[in-house]
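1. pasting the sequence and the predicted coordinates here, then a few questions.
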Amino acid sequence: MQLDIALGLEDASMNFHLIDRDKVKVKLPEAALNRVKEAAEDKLTHVILPAEKALHIAFLGEAGNDPYTLEAHRKAGHEALSQIRHNKSVTIQIFDHMNDADAVGAFIEGLLLSDYHFEVLKSEPKGSDATVIRVKSSVFSAKALDEMVQLTYAVHWARDLVNLPLSHLTAEGFARAVATAGDRNGFSVEVFTKQKIESLKMGGLLAVNRGSIDPPTFTIAEWKPEKAVNKKPVVLVGKGVVYDTGGISLKPTANSMDFMKSDMAGAAMMAAVLDACARLKLPIHMMALIPATDNRPDGNAIVPGDVITMYDGTTVEVKNTDAEGRLILADALSYAKKFEPSLVIDAATLTGAAVRAIGTYGCCVMGTADDDIFEELNEAGYETYERNVRFPLWPEYEEELKSDVADMSNLGKGEGGQVSAAMFLKHFTDYPWMHIDIAGPSFMHSKNSYRGKGGTGTGVRLLVRFMKKHFDL
Ligand code: BES
Ligand code: ZN
Ligand code: ZN
């Protein structure tokens, strides 16, 4: 059964409500104030104060906006939420001596990001954490809070999409979820069906889909505000492999295939970035292109050695059917040329090599965009603690992709595999381009503070921050 889950609806997984800070009147008893003083002396990050009708949390973190301090504040926000679970009403009182909007913001962000449950597939959902969180602070504005809430909705939507298994999220289901979000938040969505994809001759996407019982989709989402600051769009591309078995080059079940419902985390990230920018009404014209399919073995599946013709006419020898992400991304990257983009960014759970290189602590980035654009991404990475490390596209990696029989092979050497994968993609670009390999941070196998367990929604906060920086907003 394919559930048509109303994704993109905030109520699905979010439980907090925004309350106008000026309407919150908090009067703490003397004892509580003393408790705050003691806690501050003990250098606690926060203290929970039971009061008449609600709980209050006093945040006591240090001021400062270096990435590690802010990350500690996000984690403290997560801890605070775990302590107040199951309370209906919570007031977060930020004490004025803090006087630091960044620090307070990080604490609230950690708290909001932690208020997430993936329970749509449980017959008896356990329900929410705190149902009402009120924020009162003299430094953190209601507007900033509202923006943070909107951004969190988008992150949690990305997490929902990643957490849904193939049984409940096929390529068509993914496209429908994006269309639902578009209707709700005011961006337009067009979905190409298999027939259209065939008529366009998107050979990479069709090749990966050949072993599947479900049709592929190619989703184009567009946010085009009237007063956009840019003339040429920024195009986002996301890998939408809704399940990766490896195809005929089958993965072993334990450890490598069992979490491959997350192989569409790049697609979820890009859909959610567009969703967030629409929610925040950022004046930036941007698009998201999402090729989607599952990758399975079957009588008709592609086999190692097959040669396929891509959307742009390049012939590719498929040496390993598990290197499928680059095949579907390549078609989308070629298709992006038609929009004459100022910048293209793709995100993908592309290689195990990226995880081996830097673990789950950040993503590997590569590309042809100017150094200052990569620097903006790097800064946004530290500010959001969604860090990234740039790797070089040296010509030797291109050598690795030579094929005896076709224009290119889809397989480089194992070492530095995240770079040869990027080198493969580069062939299909002719514009400033950044590639983000999120294979490491996109999915957590055990609980990881405010990132949770399972899909993390990584990259959404990173790119929204990057966009604001890039366009001086
Ligand atoms: N989806 C995987 C990459 C992946 C690995 C994502 C670990 C998340 C966590 C991708 O399609 C893949 O299988 N890549 C192969 C490429 C290889 C065959 C060149 C890999 O990394 O092993
Ligand atoms: Zn694969
Ligand atoms: Zn994959």
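-> Great, that's in hand. Numbers count the residues shown, from 1 in each chain. Ligands and ions are numbered 1, 2, ... in the order given.
2. from here on, just use CA atoms for contacts and neighbour counts.
-> Noted.
3. just checking, residue 293 touches residue 239?
-> No. Judged on C-alpha atoms under 8 Å, residue 293 makes no contact with residue 239 at a distance of 9.4 Å.
4. how much space separates the residue of the stretch 101-250 of the chain found nearest ligand 2 from residue 201?
-> At 4.7 Å from ligand 2, residue 246 is the closest residue in the stretch 101-250 of the chain, using C-alpha to the ion. Computed as C-alpha to C-alpha, to the nearest Å, the residue 246 to residue 201 distance reads 23 Å.
5. and for residue 110?
-> 45 Å.
6. swap in residue 100?
-> 54 Å.
7. now do residue 313
-> According to C-alpha to C-alpha, residue 313 and residue 201 sit 9 Å apart.
8. in terms of neighbours, single out the busier of those two.
-> Taking neighbours as other C-alpha atoms under 10 Å, residue 313 and residue 201 compare with residue 201 leading, 17 against 14.
9. quick check: phi and psi on that one?
-> The phi/psi pair for residue 201 (degrees, to the nearest 10) reads phi 60, psi 50.
10. dump the residue contacts of the spatially closest residue to residue 410 that is not a sequence neighbour.
-> With sequence-adjacent residues excluded and distances taken as C-alpha to C-alpha, 6 or more residues apart in numbering, residue 410 is closest to residue 318, at 5.5 Å. Residues near residue 318 by C-alpha atoms under 8 Å, 6 or more residues apart in numbering: 303, 304, 305, 306, 307, 308, 409, 410, 411.
11. if you set the cut-off to 6 Å instead, what comes out?
-> Listed by C-alpha atoms under 6 Å, 6 or more residues apart in numbering, the contact set of residue 318 reads 304, 305, 306, 410.
12. what residues are up against the closest residue to ligand 2 within the chain?
-> Nearest to ligand 2, among the residues of the chain, is residue 322, at 3.5 Å (C-alpha to the ion). Counting by C-alpha under 6 Å, 6+ apart, residue 322 touches 246, 249.
13. by proximity to ligand 1, which residue of the stretch 151-300 of the chain wins?
-> Closest to ligand 1 within the stretch 151-300 of the chain is residue 263: 5.3 Å, counting by C-alpha to the nearest ligand atom.
14. where's that residue relative to residue 389, distance?
-> 21 Å.
15. now do the strands in the stretch 101-250 of the chain.
-> Using DSSP state E, counting those that start in this stretch, the strands of the stretch 101-250 of the chain run over residues 132-136, 188-192, 217-223, 234-238, 240-244.
16. what is the end-to-end distance of stretch 221-240?
-> Terminal-residue distance, stretch 221-240 (C-alpha to C-alpha): 14 Å.
17. got the contact list for that stretch?
-> 187-189, 264, 266-267, 270, 283-292, 341-348.
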